[in-house]
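K.L.:
coordinates for the following, if possible.
(one chain, ligands or ions: 1)
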Amino acid sequence: MTPFAHRHLLGIADLSANEIVQILDLSDTFLEISERAIKKVPTLRGKTVINLFLEASTRTRTSFEIAAKRLSADAVNISGSTSSTTKGETLLDTARNLQAMRPDVIVLRHTASGAPHFIAAHVDAAVINAGDGTHEHPTQALLDCATIRKHKGRVDGLTIAICGDIAHSRVARSDVLALGKLGAKVRLAAPRTMLPIGIETLGAEVYDRMEPAIEGADVVMMLRIQKERLDGAGLFPNTREYSRYFGLGLRMATHLKPDAILMHPGPINRGIELDPALADGTRSVILDQVTHGVGVRMALLYLLAGGSAEN
Ligand code: CP
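P.N.:
I've put the predicted structure just below:
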């Protein structure tokens with residue numbers, strides 16, 4: 001296998017298209033382990049993974065823990081509410097103290113953009129960005145690519161609409177980069193107030209209405225309104241109006257291509273950006289995204305912790 005040229009995974013921006021495909025191929029291989037009766041291989045035996053989640057998470061934290069355990073690594077979880085950051089310890093001190101225990105990988109989620117880059121400069125362990133502020137969520141983008149590739153057979157040449165709170169979405173940013181590198185045409189749809197200035201420079205087409213963005217799209221990805229990052233900004237008049245014009249309800253869904261699939265990174269605000277009947281319907285691949293999250297994170301732990309290939 002081609003050696004992985006990176007010590008950390010801090011953002012999709014650092015990866016080439018070939019490296020993304022390498023991760024997706026490895027993820028498909030590792031996913032098979034999740035289907036076995038005994039879901040464990042010795043690949044990362046003796047390695048230690050610390051999941052340092054200083055912002056809430058269900059899917060990412062759990063799937064990193066499961067990924068580490070399925071590869072036989074020792075996984076340790078630290079959450080914001082139970083860490084000494086609540087007593088005023090700095091991120092740098094936290095990182096240095098964790099490094100003193102000799103982990104092989106530190107997986108960091110943090111409210112501040114750039115936090116994983118900061119600790120990567122101060123620890124010997126490999127650092128994986130599990131979502132930093134509004135910057136990037138690279139493992140989400142990789143699992144999204146893996147899910148699209150499974151359901152559509154390819155990513156190259158597809159039209160993919162990402163709709164919702166683009167301004168605050170690290171998922172959108174990472175997805176635009178990853179999907180663009182794999183040859184997809186990406187459309188972004190949001191109220192003008194939720195479209196950051198200069199977003200076009202990432203290579204996506206930008207729409208301020210949902211209908212033309214989703215018409216003809218092979219994949220429609222809905223994003224959550226990130227109430228925790230809005231900070232009373234008043235970016236839309238009210239939730240009902242937002243939902244009507246930028247949510248995917250049953251009426252809006254009549255604009256979908258017959259074979260379009262629906263995605264959402266979770267957590268879903270049911271009935272706001274996505275109608276529950278669509279979230280749970282036949283087009284939805286949302287839970288398959290979660291399944292692919294385990295495979296992608298197994299692949300990354302393997303590539304960055306330097307495990308042995310015996311399965
Ligand atoms: N998609 C995602 O990052 O979900 P969590 O916040 O639950 O990890």
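
K.L.:
CA atoms for contacts and neighbours, from now on please.
P.N.:
Noted.

K.L.:
what's near enough to touch the residue of the stretch 151-300 of the chain found nearest the ligand?
P.N.:
At 4.3 Å from the ligand, Pro265 is the closest residue in the stretch 151-300 of the chain, using C-alpha to the nearest ligand atom. Pro265 makes contact with 140, 171, 222-223, 286, 289 under the criterion C-alpha atoms under 8 Å, 6 or more residues apart in numbering.

K.L.:
run a quick neighbour tally on Arg224.
P.N.:
22 (other C-alpha atoms under 10 Å).

K.L.:
list the contacts for Gly157?
P.N.:
Each residue near Gly157 by C-alpha under 8 Å, 6+ apart is listed here: 183-185.

K.L.:
can you list the domains in the protein?
P.N.:
Domain assignment for the chain by automatic domain parsing gives 12-136+293-305, 138-289.

K.L.:
what packs against the helix or strand containing Thr147?
P.N.:
Thr147 is part of helix 138-152, with elements assigned from DSSP states H and E. The helices and strands touching helix 138-152, judged by 3 or more C-alpha pairs under 8 Å, 6 or more residues apart in numbering; DSSP states H and E, are helix 17-31, strand 126-132, helix 170-181, helix 286-305.

K.L.:
now the domains of the chain in CSV, please, with extra columns for mean pLDDT.
P.N.:
Rendered in CSV, the data for these read as follows (pLDDT from 0 to 100):
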stretch, mean pLDDT
domain 12-136+293-305, 97
domain 138-289, 93
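
K.L.:
how about the ones you listed in CSV, adding distance to Phe4?
P.N.:
Rendered in CSV, the data for those read as follows (distance: least, C-alpha to C-alpha, whole Å):
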stretch, distance to Phe4
domain 12-136+293-305, 6
domain 138-289, 15
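
K.L.:
hang on, the earlier thing: please identify the deepest-packed of the helices and strands packed on helix 138-152.
P.N.:
Across the helices and strands packed on helix 138-152, the average number of neighbours (mean count of other C-alpha atoms under 10 Å) peaks for strand 126-132, which reaches a mean of 26.

K.L.:
quick check: angle from that one to helix 138-152?
P.N.:
Angle of strand 126-132 versus helix 138-152, following axes from the mean of the first three to the mean of the last three C-alpha atoms, to 10 degrees, is 80 degrees.

K.L.:
need the contact partners of strand 126-132.
P.N.:
When contacts are taken as C-alpha under 8 Å, 6+ apart, the neighbours of strand 126-132 outside the stretch itself are 7-11, 60, 104-116, 119-120, 136-139, 170, 304-305.

K.L.:
of those residues, keep whichever come out buried.
P.N.:
Taking 16 or more other C-alpha atoms under 10 Å as the criterion, what is buried in the contacts of strand 126-132 is 7-11, 60, 104-111, 113-116, 119-120, 136-139, 170, 304-305.

K.L.:
ok, and of these, which contact the ligand?
P.N.:
Near the ligand, judged by C-alpha under 6 Å from any ligand atom, the entries from the buried ones among the contacts of strand 126-132 are Thr60.

K.L.:
before I go, just wanted to say thanks for your time.
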